[in-house]
Every structure is written in C-alpha cells, then in structure tokens.
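**Student:** fold the stuff below for me.
(3 chains)
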Amino acid sequence: MAQVVGPALGPPLAAPSSVGRVSWAWVGVVPFFAFALMFLIVPTGFLAIGGFRDNQGHFTLRNIVDLFQPTILSSYLISVKISAASAIGGALVGFALAYAAVAGALPAWVRPTLMTFSGVASNFAGVPLAFAFLATLGRTGLATVLLNKIFGFDLYSTGFNLLSFAGLALTYMYFQIPLMVLIIAPAIDGLKREWREASANLGASAWQYWRFIALPVLWPPLLGATLLLFANAFGAVATAYALTGSSLNIVTLVLYAQIRGDVLHNENLGYALALGMIFMTGMSNALYIWLRGRSERWLR
Amino acid sequence: MQDDAGGQQMAEIGGLAPGKTFLEIDNLQKKFAQTAAVEHVQLKVTRGEFVSLLGPSGCGKTTTLRMIAGFETPSSGAIRIDGVDITHRPPNQRNVGMVFQAYALFPNMTVAENIGFGLKVAKKPAAEIKRRVEEMLDLIKLPALKNRYPYQLSGGQQQRVALARALAIQPQVLLLDEPLSALDAKIRVSLRNEIRSIQRTLGITTIYVTHDQEEALSLSDRIVVMNNGRVEQIGTPFEIYNFPRTSFVASFVGTLNILRGQVADPAGGKIVVDGQEVIAARGLEHTRAGDACSVALRPEIVSFGEAAGDGNHMQGTVEDVNFLGSVVRIRVRFTDNAISLDTFNNPRLALPQRGQTLTVSFPREAVLALEAPSST
Amino acid sequence: MKPNRIGPWLIVLAGALYFFVPLLGTFEFSLRYLRGVYSFEAYRIVLADPRFGATLTYSTVLAVATIIAGVVLVVPTAYWIQLRTPKLRPLVEFITLMPLVIPAIVLVFGYLRIYNSSSVLPLTGTDRTTDLLLMFSYTTLALPYMYRAVDTGLRAIDVRTLTEAAHSLGAGWPTILLRVILPNVRVAVLSGAFLTFAIVIGEFTMASLLDRPAFGPYLQLMGANRAYEPSALAVISFAITWACMGLLQLFAGRTPGQLPGAH
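**Tutor:** Sure, this is the predicted structure:
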C-alpha cells in the first residue's frame, strides 16, 4: 500500500538470506565499531604492542623484564596489597551487610534502603572521597576528635596515619563495601530458604548448614565478587592521588607520573607498565566470569 | 440447616481410627500480628495413619504443618509425638522428615549425598550411610541416579529424591507440603500413588498438605478440611464426601449442584425450588418458613426417570446432553435453576433429547440443605 | 525459624555508622572555616571563586555533550543489533564491557600517544579538539552503562513490530529512530544520561592528563592548597552525585553500579 521511502539502506526487514543483504546489515553498526576501534581497541593495542618494542621499534621482551626491577615491582606489590586488602575487607563486610539485609529477617524496609545507599555510596569515590576521609580521620578530623573526647582514645598515638597503606585501604573500602553489597545480594537471594529449613529438618546445626550447603554454593560468587573488587581498586587513581599525593608508590600513580613526565625515562617501559595493569585487571575479570559460570551451572 | 454449633467436638471425633494416639495436635493457635492464621486445631493421629490437611490457599494448613516441623512457633497449644511434648523444640531436634513443595534438594550435592545428608550430620559411620542410601534409592526405584546432581533431574525425580532424603533419617512423622503442586499433571497421579505405597510399606505416620481434593480423597485415611485457620471437619474420605457437615466442606470437596429455593416447612424439611417441592431427610434447624435456602446435590446421586419409594422428583427440560465416552452428562433446567446429572453410558438405553421433558429423582438423604450462598 | 536478630541489626548499624560518619565529618569540617564558630564561610568562598563556576560549567557542558554523543552512538547501534544483526550481539557486548576492565588511566595514556600532535589525527593539537577527545573519552567510560540501559529498554518494547508498523506507514530510518524508537526508550536513555552526568562531573584522571579545566582537577587543586574549602567542595560534589542518583532512581527505579573513572 504505502510506498516505503527511506535512505538507500536496502529493503526493509527482508529475511537476511542472500549475500547482498549481509553487507547492508553491517552498515548500521559501522559507527559503533569505528568508535570502538578508535577509542578502545587501537589505544589498548598500541600500548600493548608498545610494551614489546624498544626505542628503535624492534620487538623485545626487555620491557617486560624491566617490570621486575625493584622499584616497579614494589609498586606492583603495593598496588596488589592495597587492592587485595580493600577487596577482602570490602568483601567480608559487604557480605555480612548484604546477608544481614537479605536473609537476616529484618523489617522489609531495610533491604531496599541498603541497596539505594549502596548504589549511592559506591559512587563516593575519587577526590571528594579523599577529602571526606581527611576531614573525618585526619589529625583534626571529626572521628579522631570524637574518639579522643568520648573514649579518650588517641588514634594517632597508635601509629595510625590516614596517609598510609592502611588509610588508603580504609578509604577504598568506602566504595568497595557498597559495591560488594550490590554484587552479592542477588547471589544471597539465590540461597533458597527451603535449603536452610531442609537442613535443619534433617538435623543440621547452623554451622553445619553453612559448612555443607551455604558456603559451597556461595564461594564462587563470593570469590568472583572479591576479584571484581580487586580489579576495581587496582585501577583507581584519583582517590590515591588526592589522599596520599605521590607518597604511596602504587602502579597507577607511577603510570600517572610517567604519562605526565616520563619519569621512567623509557617510553616503552611506560607501555609495559600499562600492559601489566591490563593484565592484572583482565585476569581478575576473566576469573570472575569463569567463577560466575561455574556457580550458575548448579543453580539452573 | 446443617448443624454447625457442635462442629468442633464432632470434628475431632469424626472417624478416629482405633489405636493409641501417636501424634497429637492440641488446640494449636498461631497469630501473625492481629490475625489468627491457625485457631483451635485439634487432631489425634494414630501410628501409621495418613492424614491430609485439605483446604484453599491461606486456610492455615501449611502453617500448621510448619508448626509440627518447628519452622513456626505456635502462639498457644501443644504438639506431642509419642507422648513427648515437642512444641518448643528447635526444628533440628524433632526427628520429623519434611518434603517441600519446591523439592529443596541441595544443589551442590549429588543424589546420594543429599539422601545421606541427615545421617552424615548425625555422624553415622560411612558404611551405614552408604547402606542406607542404597536402601532408599531402591525404595524410590532410582538407583541409577546415585551420582547425578539435582539440576540434571526432572521435577518428579527430584521430588522422589527429596522423599528418600526425608525418610533416610527414619523420622517418627513424615510431613509433606503440597509435594506434587509443582509437577505436571501426568506425573502427579503416578507419584502420589508411589508416595502412598511407600508410606504403607514403611508404616510411617504421615501428614500431607494439599489444596487438591482429589489427591486428598484418593490418598488419605482421614482428611482434615480447613478454612480460614479453622478446622471445618475431620473424617474419612467417604464421610467428608458423602456427609459434609458445613457448606464449605460440601462445596470444596467434590462437585455439587446447587439449587436456590425457599424454606417451606422447617420441621418437615420441605424446600420449594422453582415451584417444586423437595423434601430433606431431616428437619431444618435455625430457619423459618420463607428463608432463602440452597439445596446441594452430588451429580451422581441424581438419576433420571421416576424412582420408587418416597424419594424426591423434579420435572424439568433437557437443556444439554454431553456424551463424554463412559459418562453421559445431562443438564436439566427447571425455571431458574439447572442441575447436571451424570449417568454411565449404556448402549441399550435411549438418551434423552434436547428440549425433552424429563423427570429426575434423588433420595431424601441426598439433599444437603445449606445456607443461602452470598455468591455461588 | 526465627533466628536471633541482634546480629543482623548490629551489622546493619555498624554499616550505617561507617557510611554516615565520613559524610558527617566532611560536613562538620567544612563549617570550621571561622575559628571557634560554625559557619558557611568556606562555602561562600568556594562559590565566589571564579574557577569554581568556570570548571563546573565546563564539566556540565562536557557532560551534556557526552550524553548526546552517547545517545547518538548507542541507540542506533543497540537498535540495529536487536533488529538486523543479532549475531553480532556477543561481540558488541564484549566491547561495551571493555571500559570496565581497562582502567581509565590506561585508556587516556593510549589516547595521548595515538592522537598527539605528530599523529594522523592530532586531537591534542588544539584546545577544542582536545575537548573533543575528552568528550569521546567520557563517552567510552559511560559506554557500558549507556549500552546496558538502552539495550534493556529496547528489549522491553517490541522493536520489530514497531519498526514494521512505522515502515508500512511510510517512515524512513531517521524518522523511525527519532520519533518511534527514541521516545519509547526515554526512561532507559534518561537513566543512562544521569549516570553519564555523574561520571563526567566527578572524573579526574582523564581530564587531568589531558590538561583540561574540568571540575575534577579543580577539586584536586583545591585539596592540595587549601584546608577547609575542599570539604565544602566535597559536600557540593556529593550533593550533585546524590541528585543524579536520586533522579535516576526516580526515573528508572534501579540501583546503579559503580561509576568508572572517578576513583
């Protein structure tokens, strides 16, 4: 009836069978792939390849080897430690919180409230978060002062310093915990109430339920979420920069300095540094996906 | 009007089998906030008996079952098994086996591990666990599935494994919470018979919750019909079906024809339906002449043609004749009311035709006079 | 089974404490500018600072541009994938997840090396083109969220039937996209837009390395040089993020994940 009018993109919605049709179908996604190439694939690839080249452009493994020199290795180690500490801490606390809200038989308003706040809190990151913790746990911060006034507890006399490993990990946990809550809540939902009841019915204590049923079912998502948290912390820049300046030698800050002013005096080493970062975050995510697939198999 | 006043007493006495009481539910009550989910539930079950709790959603049957299992605490009342009061015992110390509607098999364990779980928790020796698991697998006739995981099993298979798991710990009482509701209709019938035969073989006292009256009727030694948290009637399937004590029981169990009429003579049990007189076997209590009233009739008790004796007759017009194979369903219309009657197929009898005048008859005892329904 | 509820309550309370105390501390600290008395002096100073207005405006404009770019990129693509080339879906989804795996600092490192003055596409050559590059960087950061939101939105409507109906009534592709599809995924697009806005306002790494006068680097600068104003800025920044999340909840009813690039 009505004439189909439109740009020459081929007949509308005919079954894509013949070869001629296929080429038209690609047209629609060209902009996206062009964008992806320009701003994701090529830059990453460039860095990755650059990590394997020397200044003359020849292939070399020298840069990778150089990553293991003491200063850089120690920066990776510190990054790993902070990421691991904040990830494990965030995972434990986040899991406890999520479990309490989802399966703890609390009033119905607790869970949605927790989810909302987690959604908001997981975005308190970067520079403002550093300011917040400085204002709270710095030498004249509210919490420090209150601890002293109310409990007579001098936080800084214990050797605690916000501008340190522990302080940064604690600050990171502020967005790690909510992220954990958001990720793990669906997994806890998957723990059917009937399993708890059935296990009790068969004579199991709470501890036996956890040991034989709940933990075996939960450990893949728990571990996977922890890995996500790890990757999350590993790539963080702004919070650390604003909090510790460059006193803590984490990889992202080294990279930041390298980009700014080639502090390593070796352009290709910088690329290798970036490559190492991609490797760490990539591996964590890959493991996460693998673990997620594992647990889904059982719970089909 | 059917007598409802002494319902509670009657409900308890109804059809109690001889033998010592093994499971006793004593005036159980459960309140959630201000609403009573379960009230005045009184039941005595003998050893090896199969009792169903039957009723619509929200009637309190599942809550009652969960109180026996220990997942809900009664607000008042007591539960005793073999004389021992278990009302306040935690659920993992009651030695009752429960089968859930959603199977609830542990997803990270094989069939064998699931079945053996209760024994493992009780720290039985490995050899004994193995032996018992094999026994159970033979009982449910699924020895080949020993090492499968729940996600590899069909619904029916999962439920049988769940049953085996509950029985493996040799519980004193077996509780089943609508175990067949999640299954296909085909499997339901075969599985329910299997459950019953296993129960008989083991002689285990069983409480079975369902909303399906056909299931309850075919499986149970006795049925407890519940509605709105209260017990309506307790009795054998025969009693519940043929002698319902309340209108709820009458309409919930089995199909009924309902005719609307008025009371003509309470003492004489006479009711007028569409200008025709129907006489009940007993006098009607708590009514006066002129009150609206309903007459309920089971379709199989109505026959067509005149019957000898002092049974009731009513004349109507054949509205519809449905040949269903072994059964012929005839719909007869009076003025405002109509009834369905079922008759067995008989090739030598001529079927009535549509529009034909027909007399139907039914005995006085078949007349169930109920309160006028607000909406039926 | 009614297990003991004290444990869960304690945990939730502890969580609430950990969540609220820093917020309280920041706010309290921001009021301390004048010795001995609480006042909003720090806020007054911050709001009076011309750089505050300038950088916030810059970031806001950039955010809006990013949203538009994101919509223009994602909506037709998601639509096309659903309609014509569903086989490409796994590939596209993998690409949209890449920004979640590759840290922002690595991405911007790549941009700086590829698009610098000596390359084929010298985007860092001038200020305006660097702004363009920054916008594309932000589009990349927001890509996972934008795509997921729009994809979910598209799945909720019967794209094929709507398109066929529009075709049979004589509409061409632009008309279909603009007048049929877009209005129906408005909510999804809005949720992606609010997330993008929050991402861009708070972003530091990319803006700082590309040396643009955005809000994030401004915050960091103030933090390095001042005592009380940073807290006031943090409160303002939180308020903006909250507003975005709140509007997002309002429109989409979903809790979002974590924003990238900000930390």
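
**Student:** where does the stretch 101-250 of chain C dip in pLDDT?
**Tutor:** For the stretch 101-250 of chain C, no stretch is flagged by pLDDT under 70.

**Student:** make it 80
**Tutor:** For the stretch 101-250 of chain C, the stretches with pLDDT under 80 are C:117-125, C:245-250.

**Student:** which parts of it are helices?
**Tutor:** Residue ranges of the helices in the stretch 101-250 of chain C, as given by DSSP state H, counting those that start in this stretch, are C:104-114, C:127-156, C:159-168, C:173-175, C:182-184, C:186-202, C:205-209, C:215-225, C:229-252.

**Student:** reformat those helices as a markdown table; add mean neighbour count and distance to chain A.
**Tutor:** Yep, even glycine has a C-beta here, placed from its N, CA and C like the rest. Listed next are these as a markdown table, based on neighbours: other C-beta atoms under 10 Å in any protein chain shown; distance: least, C-beta to the nearest C-beta, whole Å:
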| stretch | mean neighbour count | distance to chain A |
| --- | --- | --- |
| helix C:104-114 | 24 | 3 |
| helix C:127-156 | 22 | 5 |
| helix C:159-168 | 16 | 5 |
| helix C:173-175 | 15 | 5 |
| helix C:182-184 | 14 | 16 |
| helix C:186-202 | 24 | 6 |
| helix C:205-209 | 26 | 5 |
| helix C:215-225 | 21 | 4 |
| helix C:229-252 | 21 | 4 |
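
**Student:** I'd like those laid out as TSV, including distance to A:E296.
**Tutor:** TSV is the format used below for the helices of the stretch 101-250 of chain C (distance: least, C-beta to C-beta, whole Å):
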stretch	distance to A:E296
helix C:104-114	30
helix C:127-156	19
helix C:159-168	27
helix C:173-175	38
helix C:182-184	31
helix C:186-202	26
helix C:205-209	34
helix C:215-225	38
helix C:229-252	26
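
**Student:** just tell me which of those ends up closest to A:P107.
**Tutor:** Smallest distance to A:P107 across the helices of the stretch 101-250 of chain C (C-beta to C-beta): 20.3 Å, for helix C:229-252.

**Student:** that closest one to helix C:186-202, inter-axis angle?
**Tutor:** 170 degrees (axes from the mean of the first three to the mean of the last three C-alpha atoms, to 10 degrees).

**Student:** for helix C:229-252, which helices and strands make contact with it?
**Tutor:** helix A:110-121, helix A:127-137, helix C:6-30, helix C:41-48, helix C:186-202, helix C:215-225 (3 or more C-beta pairs under 8 Å, 6 or more residues apart in numbering or on different chains; DSSP states H and E).

**Student:** and the angle from that helix to helix A:110-121?
**Tutor:** In terms of direction (the same axes, to 10 degrees), helix C:229-252 departs from helix A:110-121 by 130 degrees.

**Student:** from A:A214, how far out is A:M115?
**Tutor:** According to C-beta to C-beta, to the nearest Å, A:M115 and A:A214 sit 21 Å apart.

**Student:** please read the previous query as pertaining to C:G202.
**Tutor:** For C:G202, the distance to A:A214 equals 37 Å [C-beta to C-beta].

**Student:** same check, this time on B:R333
**Tutor:** Distance, B:R333 to A:A214, by C-beta to C-beta: 62 Å.

**Student:** which one's more surrounded, those two?
**Tutor:** With neighbours defined as other C-beta atoms under 10 Å in any protein chain shown, B:R333 and A:A214 compare such that A:A214 has more, 21 against 15.

**Student:** isn't B:D265 right up against B:G290?
**Tutor:** No: counting by C-beta atoms under 8 Å, B:D265 stays clear of B:G290, with 10.7 Å between them.

**Student:** more neighbours: these two, which one.
**Tutor:** B:D265 (15 against 10).

**Student:** write out the residues of chain B neighbouring chain A.
**Tutor:** Counting by C-beta under 8 Å from any C-beta of the partner chain, chain B comes close to chain A at B:69-71, B:90-98, B:100, B:102, B:104, B:106-109, B:117-118, B:120-122, B:149, B:151, B:165-166, B:169.

**Student:** hmm, which of these are the buried ones?
**Tutor:** Among the residues of chain B next to chain A, the ones that count as buried by 16 or more other C-beta atoms under 10 Å in any protein chain shown are B:69-71, B:91-92, B:94-98, B:100, B:102, B:104, B:106-109, B:117-118, B:120-121, B:149, B:165-166, B:169.

**Student:** so who does residue 133 touch?
**Tutor:** Looking at chain A here, since you left the chain open. Counting by C-beta atoms under 8 Å, 6 or more residues apart in numbering or on different chains, A:F133 touches A:141, A:162, A:167, A:170-171, A:174, A:243, C:22.

**Student:** try chain C instead
**Tutor:** Taking C-beta under 8 Å, 6+ apart, we find C:L133 in contact with C:111, C:115, C:123-124, C:210.

**Student:** surely B:C293 is within a helix?
**Tutor:** No: per DSSP: H, G, I helix; E, B strand; the rest coil, B:C293 lies outside any helix segment and is strand.

**Student:** the nearest residue to it once chain neighbours are set aside - how many residues pack around it?
**Tutor:** Spatial nearest neighbour of B:C293, excluding adjacent residues (C-beta to C-beta, 6 or more residues apart in numbering or on different chains): B:V263 at 4.9 Å. By other C-beta under 10 Å, the residues close to B:V263 number 20.
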